[in-house]
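>>> build me a model:
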Amino acid sequence: MVQSDISQLSGECTGWRETLRNYREDFNQRKHRLQELAARSLSKEDLQEVEHYHNQFHIQLINIHDLKQAIKQHDRKVQTELASPDGLVSDETITDHENLYDQYQHLDFTLQELQQEFDNFLNRSH
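Below you'll find the predicted structure:
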């Protein structure tokens with residue numbers, strides 16, 4: 001693998017982690033909005049949705065953290081292999097990178113979907 005490809009892998013990891021940090025901040029803000037909403041007088045159905053979103057935000061924040069840590073560990077492995085005498089990244093590391101990208105894309109889709117659902121719920125609740 002050529003040097004520029006290795007820096008591309010590391011750059012992708014950095015970009016994924018930044019996006020996940022932004023999601024973490026967004027979902028923490030949404031949790032706060034949900035808490036404000038829960039303080040109001042709500043119907044039974046709305047209370048069930050509040051509980052649903054509370055659980056989903058909790059689960060997705062864990063997923064964000066776990067994937068961010070996996071990407072961080074992977075990036076360290078890429079950097080270690082880059083620093084090795086041959087300066088090459090192993091096929092296993094490339095496969096790991098592709099798997100992490102698949103996980104990242106799946107989580108990205110899930111998070112966007114949850115954001116949209118929550119926004120629709122907020123619009124219905126006002």
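>>> what about stretch 48-55, distance to the chain center?
In terms of Cα atoms, centre = their mean, to the nearest Å, the centre of stretch 48-55 is set 20 Å apart from its chain centre.
>>> mind listing what's buried in that stretch?
Of all the residues in stretch 48-55, those buried under the rule 16 or more other Cβ atoms under 10 Å are Glu49, Val50, Tyr53. (Glycine included, C-beta is placed from N, CA and C.)
>>> would you turn these into TSV with pLDDT and secondary structure?
Formatted as TSV, the buried residues of stretch 48-55 follow (pLDDT from 0 to 100; DSSP: H, G, I helix; E, B strand; the rest coil):
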residue	pLDDT	secondary structure
Glu49	95	helix
Val50	95	helix
Tyr53	97	helix
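>>> show me where this protein has helices.
3-38, 44-83, 91-125 (DSSP state H).
>>> could you say what helices and strands the longest one packs with?
It refers to helix 44-83. Counting contacts by 3 or more Cβ pairs under 8 Å, 6 or more residues apart in numbering; DSSP states H and E, helix 44-83 packs against helix 3-38, helix 91-125.
>>> report the inter-axis angle for that helix versus helix 3-38.
160 degrees (axes from the mean of the first three to the mean of the last three Cα atoms, to 10 degrees).
>>> buried ones in helix 44-83, by neighbour count?
Neighbour counts over helix 44-83 (16+ other Cβ under 10 Å) mark 46, 49-50, 53, 56-57, 60, 63-64, 67-68, 70-71, 74-75, 77-78, 81-82 as buried.
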